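[1] sequence first, then the predicted structure, then my questions.
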Amino acid sequence: MPLPHTSCPANADCPWDQFDPEWYVNHNYHSLREDDKHILELMRDFFAKSLAGRQLGRGLDLGTGANLYPALAMLPFCEEITLMERGAANRRWLRSQISGPEGYSQSWDPFWETLAKETAYAQCIDPRKMLGERARVEYGDVFQLGQRQFDMGTMFFVAESITARLEEFQEATQRFVGSLRIGAPFAAAFMNKSDGYTVGNHRFPAVAVTEEYVTRCLSEVAEIAKLVLVRSNKPLREGYQGMFLALGKAEKVNN
């Protein structure tokens, strides 16, 4: 039987509370894929070099969903990490991973082991305990984000995967960067030319962004240090052409 198709061209039309985190984790992060490993290595090295052992106040992982590795990448550098998520089921899943008696599941260990090859991460003796102490899960809507609140940030597969409208993609991306203090380092990942995706029994939209569009959108609000296209020999699904990782720092908008 074919899956039911939910028509949701705009972000507000999508059934975010019905997003299935268990399905998503099992499909995407049951094991560490080579493309995710490459992204982790790039992000790890950028943060370690940019921050050079400094510890900041507040980090933001925007639209965390059921993915812990962006938050883990900020762990050595932040006293507090906000996992901002709109979907109710995703928030419950995140709290179970962070606040449970044993911490996050063992499937995330290879992700941490990749990060821990750099000294700043290797010095974190008990990342499960640290994440439980430093991370907090909050309801949040990207389109309601305040300005200049956070000292570093991550946003993975969010802006292009919450809408089919280019203008909403641009607003979400620029609001993310705008929520960071001037000079704050960030990492943002995007699916390349995605035509939408299925999670459990629901179909969600996407904007088929390209390198040119991501660059143009980010360059209006950020200093881009690197934009890398990461391809996979074994794609997760049909309907996309790799992933972009953007690394940079928030900057003032020139009016």
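    That came through, no problem.
[2] quick one: residues contacting the nearest residue to residue 221 once chain neighbours are set aside.
    Nearest residue to residue 221, sequence neighbours excluded (CB to CB, 6 or more residues apart in numbering): residue 177, at 4.4 Å. Yep, even glycine has a C-beta here, placed from its N, CA and C like the rest. Applying CB atoms under 8 Å, 6 or more residues apart in numbering to residue 177 gives the contacts 153, 186, 218, 221, 222, 250.
[3] separation between the last one and residue 78?
    Counting by CB to CB, to the nearest Å, the gap between residue 250 and residue 78 amounts to 15 Å.
[4] again, but for the fourth one
    Noted for residue 221: a distance of 21 Å to residue 78, by CB to CB.
[5] more crowded one of these two?
    residue 78 (24 against 19; other CB atoms under 10 Å).
[6] identify the bridge partners of the more buried one.
    Beta-bridge pairing of residue 78 under DSSP bridges involves residue 56.
[7] looking at it now. What's its pLDDT?
    pLDDT for residue 78: 97.
[8] flag the shaky bits of the stretch 151-255 of the chain, pLDDT-wise.
    Filtered on pLDDT under 70, the stretch 151-255 of the chain yields the residue ranges 253-255.
[9] again, only this time at 80
    The model of the stretch 151-255 of the chain has pLDDT under 80 over residues 252-255.
[10] in the sheet, who's paired with residue 156?
    residue 189.
[11] residue contacts, it?
    61, 63, 67, 69, 70, 187, 188, 189.
[12] residue 90 now?
    16, 19, 21, 64, 65, 66 are the contacts of residue 90 under CB under 8 Å, 6+ apart.
[13] so how far is residue 160 from it?
    Computed as CB to CB, the residue 90 to residue 160 distance reads 18 Å.
[14] most neighbours among the contacts of residue 90, please name it.
    residue 64 leads those on contacts (other CB under 10 Å) with 30 neighbours.
[15] host element of the closest residue to it other than its chain neighbours?
    Excluding the flanking residues, the one nearest residue 64 by CB to CB, 6+ apart is residue 83, at 4.2 Å. Taking DSSP states H and E as the criterion, residue 83 maps to strand 78-85.
[16] centre of the chain to the next helix or strand along the chain from that strand, how far?
    The element immediately downstream of strand 78-85 (helix or strand, assigned by DSSP H and E) is helix 88-99. Using CA atoms, centre = their mean, to the nearest Å, the mean C-alpha position of helix 88-99 is found 16 Å from that of the whole chain.
[17] make residue 1 into 192 and carry on from there
    From this message on, residue numbering opens at 192, which makes the last subject helix 279-290.
[18] buried residues, helix 279-290. List them.
    Within helix 279-290, the residues that qualify as buried are 280, 281, 282, 284, 285, 288, 289, counting by 16 or more other CB atoms under 10 Å.
[19] give me the contacts around the following helix or strand past that helix.
    Where DSSP H and E defines the elements, the next helix or strand beyond helix 279-290 is helix 300-306. For helix 300-306, the external contacting residues (CB under 8 Å, 6+ apart) are 220, 222-223, 227-228, 231-232, 235, 259-260, 263-264, 312, 318.
[20] how about helix 300-306: buried residues?
    Residues of helix 300-306 classed as buried by neighbour count (16+ other CB under 10 Å): 301, 302, 303, 305, 306.
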